[in-house]
Each structure stands twice: as C-alpha cells, then as structure tokens.
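K.L.:
okay, sequence plus prediction incoming.
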Number of protein chains: 2
Amino acid sequence: MNESSERDTRHKARMQRKKAVVDEKIAEAQDEYGLLLVHTGNGKGKSSSAFGMVARALGHGIKVGVVQFIKGAASTGEESFFRRFPDEVRYHVMGEGFTWETQDRQRDIAKAKEAWNVAAQLLADPDIGLVVLDELNIALKYGYLELDTILADIESRPLLQHVVVTGRGAPPGLIEAADTVTEMSLVKHAFKSGVKAQKGVEF
Amino acid sequence: MNESSERDTRHKARMQRKKAVVDEKIAEAQDEYGLLLVHTGNGKGKSSSAFGMVARALGHGIKVGVVQFIKGAASTGEESFFRRFPDEVRYHVMGEGFTWETQDRQRDIAKAKEAWNVAAQLLADPDIGLVVLDELNIALKYGYLELDTILADIESRPLLQHVVVTGRGAPPGLIEAADTVTEMSLVKHAFKSGVKAQKGVEF
C-alpha cells in the first residue's frame, strides 16, 4: 500500500469514528468533535490567533498543550504569559538551534523529530483539549518531518481534541485533512515603511 | 474645511508627532510608537488574533483595554479568561440589546455612542498600552458611529499605545489610517459541511 492510499485509509477510519460519534450523539442533538484548524498565509495573526484560542479554551476550563517548532518565531510575551498557568497549559519551546546557517540537515531533522515526539504525547493525551503546533508548517516545508507521520498522529488523537497548526506554506495534504483553513493575507504593513517591530504587538 | 481635509490634517499632525518622536529617538536607536492594526476579511481569527495580542501584551507587563462592540460576537471563553486579571485588563462588553430585529435605529446609535465613550476613555489613558476595539467595524458599517470621530480619538491617543480594530468590512478610511492591515480569508470551513460550532474553538 503506498503512502497516499495509507493516508486515505487512515482518513476514512477517522471519518468513520467521527461518523459513529456523530450518529450516536444526534439523538441528543450534539455533534461535537475535535477540529483540525490550519492558519497559513503571509499575513500577520497566524500564531496570535492560535494563542487567542488558547485564552478562549482556558476560559472554558479546557487544558492546552503548545509546541513551538521554531524557537523565537513566536512571541516571548505569549510564552511568559501562558507560563503563568502551568497546571492549565503545557508549553514547550522546541527547535532551539535550528541551523539555517550551517546547513546541518541531519541535526535539524533530529531536533524536529524530538519536537514532534513532544507533540505526539500531547496528541495522545485525552486530558488536553487543544493542541497548538506553532510553526509546524516550517518544519514540514524544509522536509524535516514527514507529513504522513504528522497526519497519522493528528488523526488518531482523542476524538474531542482540537488541533491548530500555524505557519506559512501549509502543505496541500494538511489543508486537505483540515476542517477549517484560514489564510492571513497582508494588506498593509508598517514595517515595510521602516518601523521597527514593537514590543507587545510583534513579539 | 470638509471632513476629508480635516482627516488629512489630523493624519498629518499625527504623522508629524510620530516623525518628531522618531527623529528624537533615532539618536538612541529606537523608534517605538503605538501602531494601529486592523483585522478584517470574512475568515476566522480576526478577534482571536487580537486576543492573542492581549496575551502577548500581558506577558510584557503592558495593561490592556478591551471594548466589545457587539455582545455575543466574541468568545465567552476569552471574556471569562481575561476577566481573571482585572488589574491588568479592563474588559467592557457593550452593544447588548442591539436591535437588529426591531430596527430601532436611534436606540442602536445611542448604545453605540455609549460604547464609544468607553473606548475613548481607554484611548485617552496613557497607562493602557493596548486597546482592542472588537467588532467596531460592524458599528461603522451600520452607520451607528462616525468614522471621523473614531479616527480623531484614535489619532490623538497616547503615542505609545497600540490599537487593534476587528471586524469584517473595515472602511477604506480606517484602512488608510492603519499601520498594519491583515485580511483573514476563509479557505475551508468545517461548518459549511454541517458541523456545529465547537466550544473552545468557535466561542
């Protein structure tokens, strides 16, 4: 069986599980299941929007897991804020020392896999209601992680768990698997006219 | 002087103030000033992204003011979460009872102006580093508030204060005044295929 048909099979299995749960719950007028959301595009707000959802989830008493695949890509403000709630948010900053400069591809792949192992643990934990995979798309784009492995772990997650993947250049297979995809487009940007990144807005 | 040239004059005045501050600070290699950001478009994430910025700001010790112009438009999860921090976040939910159904336009205008008065207080307070004007664009779209009044208060705010305006259909004058504009576009949406809104993701 090739990769594509394996993915189709897994997708079908997940859809069947969803359908079973949905069918079961229709009697009680519910059809809740965990969504896979993708935030992509070249505009602002891909990660911010995911972190807004973290706040939303916490307001509902839902526990959250965050894995940042690129250290420094997301706001240090968000990290220091959400680290105030260690019982509610499991916050992992991975991807330290990705060697864009030195081109040490094997080391980068090892680092990315290490990050994915952390993500996979969150994706296997039914106590976690929302998992944020921040800048995962970058690791996929560079071929540091196999999309098929990622989708297998995402699709076998607890049925009520939501997942948000951020980063420009979301691969087609991820978009296909997603329930909701939003593209953030840049209409106008202060920095193009030479303004420095602003604390509290940009990082 | 007509409205347009008044706006040009105000804009120029603010730009001159910005330029003066920037010029002054170039010597110390800084050029920080408050940005006006607009999140618009038909996609998800306009408000979530603003609330992610709230988390970011709080992580930097920046105080935040939030005015929701349409009660029920934003997540109750975000509200209950950020109300945990009354010393850091001034959270105002306005727009209760907007009578879309009864078409009582005068009452709606009065309600919108009341909401704007709260916003104007935040925009005049130098202790507040970030002001979120959630769904303001809706009130502008329905003509409940005058763009010119809004821009006057926004442009005369403290120089280091950031403002985020959300809502679909941002008017051209607001986009023109903004430093950064992001359009959130819907690529794919689970709800179109009949899935119910999910707690912790959608509200």
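P.N.:
Sure thing, it's come through. Residues are numbered from 1 along each chain as shown, chains lettered A, B, ... in the order given.
K.L.:
now the strands for chain A?
P.N.:
Counting by DSSP state E, one finds strands in chain A at the ranges A:36-40, A:63-68, A:89-93, A:128-134, A:162-166, A:180-188.
K.L.:
ok, which stretches of chain A are helices?
P.N.:
Chain-ordered helices for chain A, with DSSP state H as the definition, fall at A:3-26, A:46-59, A:76-82, A:105-123, A:136-141, A:147-155, A:172-177.
K.L.:
now chain A, which segments are flagged as low pLDDT?
P.N.:
Within chain A, the segments meeting pLDDT under 70 span A:1-4, A:15, A:18-31, A:73-75, A:97-103, A:189-203.
K.L.:
adding mean neighbour count, write the helices of chain A out as JSON lines.
P.N.:
The C-beta positions use only the backbone N, C-alpha and C, and glycine is treated the same way. What follows is the helices of chain A, written out as JSON lines (neighbours: other CB atoms under 10 Å in any protein chain shown):
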{"stretch": "helix A:3-26", "mean neighbour count": "13"}
{"stretch": "helix A:46-59", "mean neighbour count": "28"}
{"stretch": "helix A:76-82", "mean neighbour count": "22"}
{"stretch": "helix A:105-123", "mean neighbour count": "17"}
{"stretch": "helix A:136-141", "mean neighbour count": "22"}
{"stretch": "helix A:147-155", "mean neighbour count": "18"}
{"stretch": "helix A:172-177", "mean neighbour count": "16"}
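K.L.:
what's the closest non-adjacent residue to residue A:160?
P.N.:
Counting by CB to CB, 6 or more residues apart in numbering or on different chains, residue A:160 lies nearest to residue A:34, which is 5.1 Å off, once chain neighbours are set aside.
K.L.:
and residue A:124, by the same measure?
P.N.:
Closest residue to residue A:124 apart from its sequence neighbours, by CB to CB, 6+ apart: residue A:157 at 7.1 Å.
K.L.:
quick one: the one you found from chain B, how far?
P.N.:
With distances taken as CB to the nearest CB, to the nearest Å, residue A:157 is found 14 Å from chain B.
K.L.:
ok, residue A:166 next?
P.N.:
Distance check for residue A:166 against chain B: by CB to the nearest CB, it reads 10 Å.
K.L.:
verify the stated contact: that residue with residue A:50.
P.N.:
Yes - between residue A:166 and residue A:50 there is a contact under CB atoms under 8 Å: 5.3 Å.
K.L.:
hey, what's in contact with both of the two?
P.N.:
By the contact definition CB atoms under 8 Å, 6 or more residues apart in numbering or on different chains, residue A:166 and residue A:50 are jointly contacted by A:39, A:132, A:134.
K.L.:
residue A:161 is in contact with the second one, correct?
P.N.:
No - Residue A:132 sits out of contact with residue A:161 when judged by CB under 8 Å, with a separation of 11.6 Å.
K.L.:
what about residue A:171, how many residues nearby?
P.N.:
16 (other CB atoms under 10 Å in any protein chain shown).
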